[in-house]
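Participant: curious how this folds, go ahead:
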Amino acid sequence: MISRLIWAGVWALFVVGIANCIGSSFVFDGLFQTIATYGGLVVSLITGTLIARNEPVKSFLGTKPVMWFLFLFNLAAAIIVLITVDGVPGISATAGLGLVSLGAGSGLLLSARRPAKPTVAE
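Facilitator: Numbering: from 1, shown residues only. Just a heads-up that it's a prediction; the model follows:
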């Protein structure tokens, strides 16, 4: 029971971190907006990592259809952002999306080289 409460709290912190990143510009200005945005980013990054390392999310993210989606979607988004957004924000967004795409692509290559798991004959 306690484990479920802890995971509900981790998911809640993840959602609050994402909402804080998105909504801080509507509430704060200047330095406080920057602090709130980066604080939400750190909270969502840490809790997202905790969530992604546990089942069932871990096994879902490792499936080939999800890997292909992450690879192609992030590659297309990186190209679109590179073309449409100028300056440092465009470069940093392109780099982030490109890294996610490269990570998914390398996961696809590594899973293709791994031998298939033997099935148990009944």
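
Participant: rest of the way, CA atoms for contacts and neighbours
Facilitator: Noted.

Participant: the residue nearest to Val43 when sequence neighbours are not counted: how many residues sit nearby?
Facilitator: Computed as C-alpha to C-alpha, 6 or more residues apart in numbering, the closest residue to Val43 that is not its neighbour in sequence is Gly17, at 5.3 Å. Applying other C-alpha atoms under 10 Å, we find 25 other residues in the vicinity of Gly17.

Participant: now Gly17: how far from Leu75?
Facilitator: 25 Å (C-alpha to C-alpha, to the nearest Å).

Participant: one more: Ile22?
Facilitator: Here Ile22 is placed at a distance of 23 Å from Leu75 (C-alpha to C-alpha).

Participant: verify the contact between the residue nearest to Val43 and Ile46 for me.
Facilitator: No. Between Gly17 and Ile46 there is no contact under C-alpha atoms under 8 Å: 9.7 Å.

Participant: how about the contacts made by Ser44?
Facilitator: Leu13, Phe14, Val15, Val16, Gly17, Ile18 (C-alpha atoms under 8 Å, 6 or more residues apart in numbering).

Participant: residues in contact with the helix or strand of the chain with the lowest mean pLDDT?
Facilitator: Of the helices and strands making up the chain, the lowest-confidence element is helix 57-61, at a mean of 77, by mean pLDDT, DSSP states H and E. The contact list for helix 57-61 (C-alpha under 8 Å, 6+ apart) reads Ile51, Ala52, Val66, Met67.

Participant: spatially, which two of the contacts of Ser44 are the most separated?
Facilitator: Leu13 and Ile18 (8.6 Å; C-alpha to C-alpha).

Participant: avg pLDDT for the helix or strand hosting the residue nearest to Val43?
Facilitator: Assigned by DSSP states H and E, Gly17 belongs to helix 2-27. Helix 2-27 shows a mean pLDDT of 85 in the predicted model.

Participant: tell me where this protein has helices.
Facilitator: Along the chain, counting by DSSP state H, helices occupy 2-27, 30-52, 57-61, 64-84, 87-113.
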